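Participant: Would you be able to build a 3D model of this:
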Amino acid sequence: MRSIKYVIVAIFLIYWQLLIAYKFTIYGVLPNFLIPYVIFLSLKTNTGVSLPIIFFLGLAFDITYPTLLGLNTISFIIMSYLVYRFHHTINKERLSVVFFCILILNFIHYFIFFLYYLFSNQVIFSSFSNILFAFLYNSVISVLGVYFFISVSKIKVTINV
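Facilitator: Down below sits the predicted model:
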């Protein structure tokens, strides 16, 4: 039952990312609201549940950008594996440690895209300030998103009939 809830949230987030996320654009940088969900899902579930959901989440997002087909998927799977593998050893009580870990995950995500653009000869070296801003902006969005998902997951709703 819990897996179905995570799939429904993933479908909702795909629509959120495609239809509403553009309203949060700052200086041409579109925030990626799927990264916090990938981190949250990797924290809350085991790999047997999270990896198929994350794979199809990344694939559904990649379908909207055909030239990047597979980059988000591989990036999300790598981030999920790293979170699942190392989250037990991290002190989650300190915000600075959590922010630094999410910063590293966002760096990995943007590094994968940077390598793609580097090998496809589409790198414009004057846009590094924009890439740096996108990296920091998405890191802040990711920290806020992870804490949002964690706090919402703790809410219990019961209906007595």
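
Participant: which residues touch stretch 38-58?
Facilitator: By Cβ atoms under 8 Å, 6 or more residues apart in numbering, the residues outside stretch 38-58 that reach it are 2-3, 6-7, 10, 13-14, 34, 37, 72-77, 79-81, 83-84, 87, 102, 105, 142, 145-146, 149-150, 153. Every C-beta, even on glycine, is put in place using the N, C-alpha and C of the backbone.

Participant: How about the residue nearest the centre of the chain: what's its closest non-neighbour residue?
Facilitator: In the chain, the residue lying closest to the centroid (Cα atoms, centre = their mean) is residue 35, at 0.6 Å. Distances taken as Cβ to Cβ, 6 or more residues apart in numbering place residue 142 nearest to residue 35, at 5.0 Å, with adjacent residues excluded.

Participant: what does residue 64 give?
Facilitator: Nearest to residue 64 is residue 18, by Cβ to Cβ, 6+ apart, at 6.1 Å.

Participant: My guess is that neighbour contacts residue 65. True?
Facilitator: No. Counting by Cβ atoms under 8 Å, residue 18 sits too far from residue 65 to count as a contact (10.4 Å).

Participant: Report the separation between residue 117 and residue 111.
Facilitator: Distance, residue 117 to residue 111, by Cβ to Cβ, to the nearest Å: 11 Å.

Participant: Between the two, which contacts overlap?
Facilitator: Common contact partners of residue 117 and residue 111 (Cβ under 8 Å, 6+ apart): none.
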